[in-house]
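S.K.: fold the stuff below for me.
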Amino acid sequence: MKTYENYSLLNNNTFGIDVKANYFIEYDSVEELQQLLRSDLLAESKFMQIGGGSNLLFINDYQGVILHSKIMGIDAIEGSRCMAVLRVGAGERWDSFVEYCVSKNYGGVENLSGIPGEVGATPVQNIGAYGAEAANTIVAVECVNVKTGEERTFTAKECQFGYRDSIFKRDYKGKYIVTYVHFKLSKAGWQPNVNYGSLKDEFEKYPDKNIAAVRSAVLAIRGRKLPEPKVLGNAGSFFMNPVVSRSYYERLLKTYPDMPCYVISDAEVKIPAGWLIEQCGWKGKSVGNVAVHGSQALVLINKGGANGLDIINLSDSIRASVRTKFGVDLTPEVNIIFG
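M.R.: From the prediction side, this is the model:
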């Protein structure tokens, strides 16, 4: 276990916001986490768990304790000719885990290649991209109860996964800390999932139609659309794609006949937030030290020297524009931490 005081979080958030925490503590095991939860420091201070900081926006210094998992490991706990179940430590880098799966020819998470962050955040956020979600492969989530220190394993059903959502973002927000995640992956009978957005065309460029080709195609698209956080601070997609009723979408379609959508059900569709933002004229637009990325309007960037409030103000202006033009509310995907 490592403890740091007056700790700079500059390298622990991909927006590159220079804020500090009173304490920053890394733990290596469930036992160390339980010990921390019983400590006087956490009894007397507010605290929060973070992963890779790829989905956080700090507005002020954090007046409390930041916890960070270094629980590692990728272990097969069940398997057959057709599938494998892997138990993965919360502190593992997400894309390193995806790379491992692809190297083993395990299918299921390849569409989620290149997403920053750590494994522990995947069931909380139910991360997703290119027609896939973490929930498609998660079968169980091991956690520690923040109040009691007791361990509990949630089934996938108990996690109540939804679009960028889970019970850990709602009823159990701040009440459990993820320690391990179990993923069920295919070893035989795999079929590529490449019909979402531009992935199908990119995948066609690869002669081998295998799991590695899907990963390569996804990484190629992400490389063209998304800026490197070390160069331009960002948290990837800032907004979730809004879900609207099919009837409301059809009314919008009369005015905007080229408006794209992804069908969710007979009653609902999902509209690409990036398209809405671009139609409002924000793509590539700068406001002081922040901007909307020129290749992907869903991405807000720190051009250098911006603070959290600068990014929030830009976000609010974009949301107001989309609401006025389309009558649609955009919801931030990023977690905003006021300190």
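
S.K.: Val85 and Asp75, how far apart?
M.R.: Separation of Val85 from Asp75 (Cβ to Cβ, to the nearest Å): 10 Å. (Each C-beta comes from the backbone N, C-alpha and C, glycine too.)

S.K.: those two - which one has more neighbours?
M.R.: Val85 (17 against 11; other Cβ atoms under 10 Å).

S.K.: dihedrals phi and psi, the residue lying closest to that one once chain neighbours are set aside?
M.R.: Among residues not flanking Val85 along the chain, Glu78 sits closest, at 3.9 Å (Cβ to Cβ, 6 or more residues apart in numbering). Backbone torsions for Glu78, taken as degrees, to the nearest 10, come to phi -160, psi 150.

S.K.: doesn't Ala84 make contact with Glu78?
M.R.: Yes: taking contacts as Cβ atoms under 8 Å, Glu78 lies within contact range of Ala84: 7.2 Å.

S.K.: could you measure from Asn22 over to Thr122?
M.R.: Distance, Asn22 to Thr122, by Cβ to Cβ: 28 Å.

S.K.: one more: Gly64?
M.R.: Relative to Thr122, Gly64 is positioned 24 Å away (Cβ to Cβ).

S.K.: okay, these two: which has more neighbours?
M.R.: Thr122 (29 against 17).

S.K.: other residues contacting stretch 321-332?
M.R.: The contact list for stretch 321-332 (Cβ atoms under 8 Å, 6 or more residues apart in numbering) reads 238-240, 242, 244, 248, 252, 256, 271, 273, 276-277, 279-282, 315, 318-319.

S.K.: and that stretch, C-alpha only, in PDB?
M.R.: The C-alpha coordinates for stretch 321-332 follow below in PDB (Å, rounded to 0.1, in the frame of the first residue of the first chain):
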ATOM      1  CA  SER A 321     -27.700  24.800 -28.500                       C
ATOM      2  CA  VAL A 322     -28.800  21.200 -29.100                       C
ATOM      3  CA  ARG A 323     -31.900  21.600 -26.800                       C
ATOM      4  CA  THR A 324     -32.900  24.800 -28.700                       C
ATOM      5  CA  LYS A 325     -32.400  23.400 -32.200                       C
ATOM      6  CA  PHE A 326     -33.700  19.800 -31.700                       C
ATOM      7  CA  GLY A 327     -35.500  19.700 -28.400                       C
ATOM      8  CA  VAL A 328     -33.200  17.000 -27.200                       C
ATOM      9  CA  ASP A 329     -31.200  17.000 -24.000                       C
ATOM     10  CA  LEU A 330     -27.600  15.700 -24.000                       C
ATOM     11  CA  THR A 331     -26.400  14.000 -20.800                       C
ATOM     12  CA  PRO A 332     -22.700  14.000 -20.000                       C
END
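
S.K.: now that stretch, how far from the chain's geometric center?
M.R.: A distance of 22 Å separates the centroid of the chain from that of stretch 321-332, by Cα atoms, centre = their mean, to the nearest Å.

S.K.: buried residues in that stretch?
M.R.: Of the residues in stretch 321-332, 321-322, 326, 328, 330, 332 count as buried by neighbour count, 16 or more other Cβ atoms under 10 Å.

S.K.: of all those residues, which two lie farthest apart?
M.R.: Farthest pair in the buried residues of stretch 321-332 (Cβ to Cβ) is Phe326 and Pro332. Separation: 17.1 Å.

S.K.: and Gly108, how many neighbours does it have?
M.R.: Gly108 is flanked by 22 other residues according to other Cβ under 10 Å.

S.K.: ditto for Glu202
M.R.: Neighbourhood size, Glu202 [other Cβ under 10 Å]: 20.

S.K.: quick check: which element contains it?
M.R.: Element membership for Glu202, per DSSP states H and E: helix 199-203.

S.K.: same deal with Leu67?
M.R.: Going by DSSP H and E, Leu67 is in strand 62-69.

S.K.: what does that strand rub up against?
M.R.: Taking Cβ under 8 Å, 6+ apart as the rule, strand 62-69 contacts 7, 9, 12, 19-27, 33, 36, 41-42, 45-51, 89-91, 118, 120, 177-179, 337, 339.

S.K.: and the closest residue to Val214 other than its chain neighbours, what's its pLDDT?
M.R.: Excluding the flanking residues, the one nearest Val214 by Cβ to Cβ, 6+ apart is Glu110, at 4.4 Å. On pLDDT, Glu110 comes in at 98.

S.K.: in this structure Glu110 contacts Ala217, no?
M.R.: No: Glu110 is beyond contact range of Ala217, at 9.2 Å (criterion: Cβ under 8 Å).

S.K.: where along the chain do the helices fall?
M.R.: Using DSSP state H, the helices of the chain run over 30-37, 40-44, 94-103, 122-125, 156-159, 199-203, 211-225, 246-255, 273-279, 308-326.

S.K.: pick the most buried one from those helices.
M.R.: helix 122-125 (a mean of 26; mean count of other Cβ atoms under 10 Å).

S.K.: so how far is Val85 from the nearest residue to Glu92 once chain neighbours are set aside?
M.R.: Computed as Cβ to Cβ, 6+ apart, the closest residue to Glu92 that is not its neighbour in sequence is Val119, at 4.6 Å. Distance, Val119 to Val85, by Cβ to Cβ: 14 Å.
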